[in-house]
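1. what follows is a predicted structure for the sequence shown.
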Amino acid sequence: LKGRGVWRYKDAIPGNYSKIVSINEGNTPLIPSRNYKQTFYKFEGANPTGSFKDRGMTVAVSSAVNTGYKVVAAASTGNTAASAAAYASRAGLRIYLVLPKGKVALGKLAQSILYGATILEVNGSFDVAMTSVMRLYKDLGIVYPLNSFNPWRLEGQKTIAYEIAEEIGEPDNVIVPVGNAGNIYAIWKGFTELQEAGVISKVPRMIGVQAEGAAPIAKAIEKGLNEPEFFENPETIATAIRIGKPVNWKKAIKAIKSSKGTAISVSDQEIIDAQKRLAREEGIGAEPASAAALAGYDKAIKEGIVDKDQKNVLILTGHALKDPDAMLRLDARRILINPEHIENIVLGEIN
Ligand SMILES: Cc1ncc(COP(=O)(O)O)c(/C=C/C(=O)C(=O)O)c1O
């Protein structure tokens with residue numbers, strides 16, 4: 001194995017790439033928790049555009065270039081958009097992004113503009129955007145699809161498992177926030193390949209976490225359904241996972257069931273509290289959808305689904321800066337002072 005990041009595992013990524021489009025994605029920090037014995041946070045906010053999406057985009061955009069495509073497209077709740085725009089720019093490809101108007105966190109919309117994508121906004125949820133972009137993929141066949149039903153995306157994202165295993169061996173449980181449901185499958189795929197190669201002895205249990213208002217997979221697992229009942233109007237402040245019809249639901253349920261894992265849902269309040277705890281107890285800044293992993297972890301511990309003393313990894317999928325509005329809504333200690341009297345404030349507090 002040589003190099004760092006996603007392409008360190010080039011031999012495990014199918015396809016031959018004469019040209020690789022990379023911004024040095026991957027090789028993200030695995031941060032030990034201060035609060036639990038052997039719980040780790042895989043901080044995907046450290047990727048070039050601030051989310052795990054970069055891992056899949058480097059492979060999918062490299063594949064688009066090697067296949068001769070000049071135009072790519074993606075529907076997104078925001079992070080796929082930001083990442084696809086960056087990699088398309090790096091590859092010199094034209095990109096169309098289809099976004100749910102008014103439902104994309106500020107940082108991600110800003111990035112999509114910064115990287116120069118053409119932004120097509122639709123009124124409705126991500127699922128409406130997804131249906132719309134499928135017309136470009138299927139009916140017209142004129143653009144290369146960058147959404148996570150694109151298998152190359154998942155081949156890149158599975159390297160999250162490879163890095164974890166290289167660093168701490170096999171975890172007992174991996175807790176992943178779930179939206180379009182590609183990532184939980186990709187990580188499971190990575191661990192399964194490592195087990196088949198004899199690198200690890202067992203695949204960790206995959207624990208998916210969804211927001212209560214957008215939880216088709218968690219509900220399907222809870223009710224023992226083989227097929228989820230989709231959420232027509234998904235709602236959550238964790239806009240990254242505000243998805244009602246996950247395109248990868250079949251893959252996610254397969255990953256959860258074959259790893260003897262599960263999927264649970266948490267409230268928006270639990271997500272906000274978890275985002276605060278991650279930042280104010282662990283010093284880690286993650287966006288709300290990522291903090292859902294900690295909210296779900298705590299719930300899973302309380303309900304005896306997961307043992308807090310086992311080796312557990314939470315996937316923190318995106319950086320806090322992606323959603324400044326979420327941070328500004330938190331309780332803050334902001335005091336307008338008379339600059340000549342600053343010592344009164346501080347001395348008054350620390351004595
Ligand atoms: C921060 C963050 N955390 C978790 C997820 C869920 O991953 P999947 O279950 O693989 O979808 C997303 C997904 C975002 C998009 O789907 C998109 O950007 O269009 C995310 O941005």
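-> Structure's in. What do you need? Numbers count the residues shown, from 1 in each chain.

2. what residues does the protein have near the ligand?
-> 51, 76-80, 148, 177-183, 240-241, 287, 289-290, 317-318 (Cβ under 6 Å from any ligand atom). For the C-beta atoms, the positions are set from N, CA and C on the backbone; glycine is no exception.

3. and the strands in this protein?
-> Secondary structure of the chain (DSSP state E): strands located at 30-32, 39-43, 71-75, 94-100, 118-122, 144-145, 173-177, 205-211, 262-266, 312-316.

4. quick one: strands adjacent to the fourth one?
-> Think strand 94-100. Applying DSSP bridges, strand 94-100 is found paired with strand 71-75 (parallel), strand 118-122 (parallel).

5. who's in contact with residue 165?
-> Residue 165 sits next to 190, 191, 194, 199, 200 when contact means Cβ atoms under 8 Å, 6 or more residues apart in numbering.

6. dump the residue contacts of the fourth one.
-> Residue 199 makes contact with residue 165, according to Cβ under 8 Å, 6+ apart.

7. at 10 Å instead, please
-> Applying Cβ atoms under 10 Å, 6 or more residues apart in numbering to residue 199 gives the contacts 162, 165, 166, 169, 170, 191, 193.

8. again with the first one
-> Contacts of residue 190 were listed using Cβ under 10 Å, 6+ apart, and they are 9, 12, 154-155, 157-165, 174, 203.

9. any quick ChimeraX command for the buried ones out of those?
-> Applied in ChimeraX, the following selects the buried portion of the contacts of residue 190 according to 16 or more other Cβ atoms under 10 Å:
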select :9,154,155,157,158,159,160,161,162,163,164,165,174,203
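
10. sitting in helices, which of the contacts of residue 190 do you find?
-> Judged by DSSP state H, the subset of the contacts of residue 190 located in helices is 154, 155, 157, 159, 160, 161, 162, 163, 164, 165.

11. would TSV of those residues with pLDDT be doable?
-> Shown next, in TSV, are the ones in helices among the contacts of residue 190 (pLDDT from 0 to 100):
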residue	pLDDT
154	97
155	98
157	98
159	98
160	99
161	98
162	98
163	98
164	98
165	98
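
12. worst mean pLDDT among the strands of the chain?
-> Ranked on mean pLDDT, the bottom entry among the strands of the chain is strand 144-145, at a mean of 92.

13. can you give the strand pairings for that one, parallel or anti for each?
-> strand 71-75 (parallel).

14. who's in contact with the least confident helix or strand in the chain by mean pLDDT?
-> Ranked by mean pLDDT, DSSP states H and E, the weakest helix or strand in the chain is helix 342-350, scoring a mean of 89. Residues from elsewhere that reach helix 342-350, judged by Cβ under 10 Å, 6+ apart: 333, 335, 337, 338.

15. now do the contacts for the second one.
-> By that I understand residue 335. Residue 335 touches 342, 345, counting by Cβ under 10 Å, 6+ apart.

16. for the protein, which spans come out with low pLDDT?
-> The model of the chain has pLDDT under 70 over residues 139-140.

17. ok so, going back, same list, the contacts of residue 199, but as JSON lines with distance to residue 144 please.
-> Below are the contacts of residue 199 laid out as JSON lines (distance: Cβ to Cβ, whole Å):
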{"residue": "162", "distance to residue 144": "25"}
{"residue": "165", "distance to residue 144": "31"}
{"residue": "166", "distance to residue 144": "31"}
{"residue": "169", "distance to residue 144": "37"}
{"residue": "170", "distance to residue 144": "35"}
{"residue": "191", "distance to residue 144": "28"}
{"residue": "193", "distance to residue 144": "25"}
